[in-house]
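1. Below is the sequence, then the predicted model.
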Amino acid sequence: MKHRRIPGRRAAVAGAGIAALVAVGITFQTANADEPVKSAKSSISAKSESSSKSVLGVQVLSAPAAGKLASALVRDLGSDAAGSYYDARAKSLVVNVLDASAAKTVEAAGAKARIVANSLAELDGARATLKKDATIPGTSWATDPVTNKVVVTADRTVSGAEWAKLGKVADGLGGMVEVKRSKGEFKPFIAGGDAITGSGGRCSLGFNVVKDGQPYFLTAGHCTEAISSWTDSSGKEIGQNAESHFPGTDFGLVKYAAGVEHPSEVDLYDGSSQRITQAAEATVGERVTRSGSTTQVHEGKVTGLNATVNYQEGTVSGLIQTDVCAEPGDSGGSLFDGSSAIGLTSGGSGDCTSGGETFFQPVTAALSATGAQIG
């Protein structure tokens, strides 16, 4: 089916950014779901097409393959696992552990082991204390598997007195917490792909999907919460909301109007498009690409999973955290890795001039909840 582009994707931003309280919690990442691995022991011999090489016993892996191995290892190690991430430069999985015995299990499975001081339970406890004693608008916190700490960020709206309070709570948690400042401001990006507009705002189309044989598309739930009927820049209706989920999660399902074509692809804003054939889970350290109607195409990496964001409008959980930039109007846009749909743009801080961090609703969760599929 040929694609009729929705006109006006470079139109001026119509929506407004909303200041938000952000509280982020990241736990050990889940594996990609397309091919389960039963255990780390069995995965030693079950090499994927991208893991046939090894250097000093460490398997060379793609990000999806690393996610599968991480999932197998966390099941084998249990509480001895203390987080993991994908080393994109070395193309290997790094797993944090608490002792030498667990390190041997990791190394036998073809990953790199790091013995660290803080367990996931201890870091989760630190996050719980921050939530109880330092829930300040304009702050975020996330477990960083690279530093084995909870990293707390305060944006530019946090006052001097609030900064002092945050520092006091962090000091009480010892070496488990690192505090830093951000020049940006946490907010949802309301204002992949082409621009979609409605009364009061503009967002971006995420991915085209099929449900019960009928065409739909996914976008951000905070967009569908505010807008029920979607048009292109000429004013022609392209769809009506079928489902809207925000807060709690952040996705909406829109049913296409008759006669609007709907290929399974993402606009790359250079006259070409990326074909999308499947949905996949994200992996920490994975390189990803975002397409949106305000800032077009930008790349970065996944920095965390299972993030929780406390916007002023409500809490959203289970998000993907990245260092990919985004701006108002990019909400709902596509996060992808090659032909795999990964996420829908939710919100974050910064912009595409100074940088920042952006959170995404996982596509797999949206598909599962709506009963739709990529197509």
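-> Okay, I see it. Numbering: from 1, shown residues only.

2. Quick check: which ranges of this structure have low pLDDT?
-> Within the chain, the ranges that satisfy pLDDT under 70 run 1-56, 187-194, 200, 232-234, 310, 312.

3. where's residue 317 relative to residue 223, distance?
-> 18 Å (C-beta to C-beta, to the nearest Å). From N, CA and C alone the C-beta is placed, and that goes for glycine too.

4. So for those two, which residue has more residues nearby?
-> Neighbour count, other C-beta atoms under 10 Å: between residue 317 and residue 223, residue 223 has more, with 34 against 14.

5. quick one: the more buried one and residue 330 touch, right?
-> No. Residue 223 lies out of contact with residue 330 (C-beta atoms under 8 Å); the separation is 10.7 Å.

6. Identify the bridge partners of residue 267.
-> When assigned by DSSP bridges, residue 267 has beta-bridge partners residue 273.

7. Pairing partners for the lengthiest strand in the chain, with directions?
-> If you go by DSSP state E, the chain has its longest strand at strand 296-311. Strand 296-311 sits in its sheet next to strand 287-292 (antiparallel), strand 314-322 (antiparallel), going by DSSP bridges.

8. Dump the ones you listed to a markdown table, plus distance to residue 172.
-> Shown next, in a markdown table, are those (distance: least, C-beta to C-beta, whole Å):
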| stretch | distance to residue 172 |
| --- | --- |
| strand 287-292 | 36 |
| strand 314-322 | 25 |
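
9. Of all those strands, which one is nearest residue 70?
-> Residue 70 lies closest, by C-beta to C-beta, to one member of the strands paired with strand 296-311: strand 314-322, at 15.1 Å.

10. who does the helix or strand following the closest one pair up with?
-> Counting by DSSP states H and E, the next helix or strand C-terminal to strand 314-322 is strand 334-337. Strand pairing for strand 334-337, determined by DSSP bridges: strand 287-292 (antiparallel), strand 340-351 (antiparallel).

11. helix or strand right after the longest one?
-> The helix or strand immediately downstream of strand 340-351 is strand 355-362, counting by DSSP H and E.

12. Would you mark the buried spots in the helix or strand just after that next one?
-> Toward the C-terminus, strand 355-362 is succeeded by helix 363-370 as the next helix or strand (DSSP H and E). Under the neighbour-count criterion of 16 or more other C-beta atoms under 10 Å, helix 363-370 has 363, 364, 365, 366, 367, 370 buried.

13. Can you give me every residue that contacts the fourth one?
-> Residues touching residue 366, when contacts are defined by C-beta atoms under 8 Å, 6 or more residues apart in numbering, comprise 218, 245, 249, 251, 253, 344, 372.

14. Got a quick PyMOL command for the buried subset of those?
-> Remark: buried members of the contacts of residue 366, expressed as a PyMOL selection using 16+ other C-beta under 10 Å:
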select buried, resi 218+245+249+251+253+344+372
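
15. what's the closest of the contacts of residue 366 to residue 130?
-> Set against residue 130, the nearest of the contacts of residue 366 by C-beta to C-beta is residue 249 (22.9 Å).

16. This completes my enquiry, with thanks.
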